[in-house]
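Enquirer: Below are the sequence and a predicted model for it; my questions follow.
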Amino acid sequence: MVNLLWAGMIVVAIVFAGLNGRIEVVTPIIFNSAEKAVTIALSLILSLIHI
C-alpha cells in the first residue's frame, strides 16, 4: 500500500513538472537520487559484511 502511495506521488510530481514546463529539471534529480540510493545501499551492505 505504501508503495502505491510513493508511486502516485512520483507520478503526480512528474506530471506537474511537465505541465509547468520544468520537466528538464526532473531528469538530473532522478539520477542524483538514484546515485545517493546506491551509495547508501552499498554502505549498508558493507557495514553488514564487516560485522
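Expert: Looks like it came in fine.

Enquirer: Figure out how far stretch 29-37 is from the centre of its chain.
Expert: 6 Å (C-alpha atoms, centre = their mean, to the nearest Å).

Enquirer: go on, stretch 36-51?
Expert: Worked out by C-alpha atoms, centre = their mean, stretch 36-51 lies 17 Å from the chain centre.

Enquirer: And the contacts of stretch 20-36?
Expert: Ala13, Ile14, Ala17 (C-beta atoms under 8 Å, 6 or more residues apart in numbering). Glycine gets a C-beta too; all of them are placed from N, C-alpha and C.

Enquirer: Please report how far Ser47 lies from Lys36.
Expert: 16 Å (C-beta to C-beta, to the nearest Å).

Enquirer: So what's the gap between the helix or strand containing Ile40 and the chain middle?
Expert: Using DSSP states H and E, Ile40 maps to helix 23-49. Centroid separation for helix 23-49 versus its chain: 7 Å, with C-alpha atoms, centre = their mean.

Enquirer: One more: stretch 2-22?
Expert: Going by C-alpha atoms, centre = their mean, where stretch 2-22 is centred and where its chain is centred differ by 12 Å.

Enquirer: If you count neighbours, what's buried in it?
Expert: Residues of stretch 2-22 classed as buried: Ala17 (neighbour count, 16 or more other C-beta atoms under 10 Å).

Enquirer: CA atoms of it as PDB?
Expert: Taking Å, rounded to 0.1, in the frame of the first residue of the first chain, the C-alpha atoms of stretch 2-22 are listed here in PDB:
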ATOM      1  CA  VAL A   2       2.800   2.400   0.800                       C
ATOM      2  CA  ASN A   3       4.500   1.600  -2.500                       C
ATOM      3  CA  LEU A   4       1.400   2.700  -4.300                       C
ATOM      4  CA  LEU A   5       1.400   6.000  -2.300                       C
ATOM      5  CA  TRP A   6       5.000   6.600  -3.300                       C
ATOM      6  CA  ALA A   7       4.400   5.700  -6.900                       C
ATOM      7  CA  GLY A   8       1.400   8.100  -7.000                       C
ATOM      8  CA  MET A   9       3.400  11.000  -5.500                       C
ATOM      9  CA  ILE A  10       6.200  10.500  -8.000                       C
ATOM     10  CA  VAL A  11       3.800  10.300 -11.000                       C
ATOM     11  CA  VAL A  12       2.000  13.500  -9.800                       C
ATOM     12  CA  ALA A  13       5.200  15.300  -9.400                       C
ATOM     13  CA  ILE A  14       6.400  14.400 -12.900                       C
ATOM     14  CA  VAL A  15       3.000  15.400 -14.400                       C
ATOM     15  CA  PHE A  16       3.100  18.800 -12.600                       C
ATOM     16  CA  ALA A  17       6.700  19.400 -13.700                       C
ATOM     17  CA  GLY A  18       5.600  18.700 -17.300                       C
ATOM     18  CA  LEU A  19       2.600  21.000 -17.000                       C
ATOM     19  CA  ASN A  20       4.800  23.800 -15.600                       C
ATOM     20  CA  GLY A  21       7.400  23.400 -18.300                       C
ATOM     21  CA  ARG A  22      10.100  22.300 -15.900                       C
END
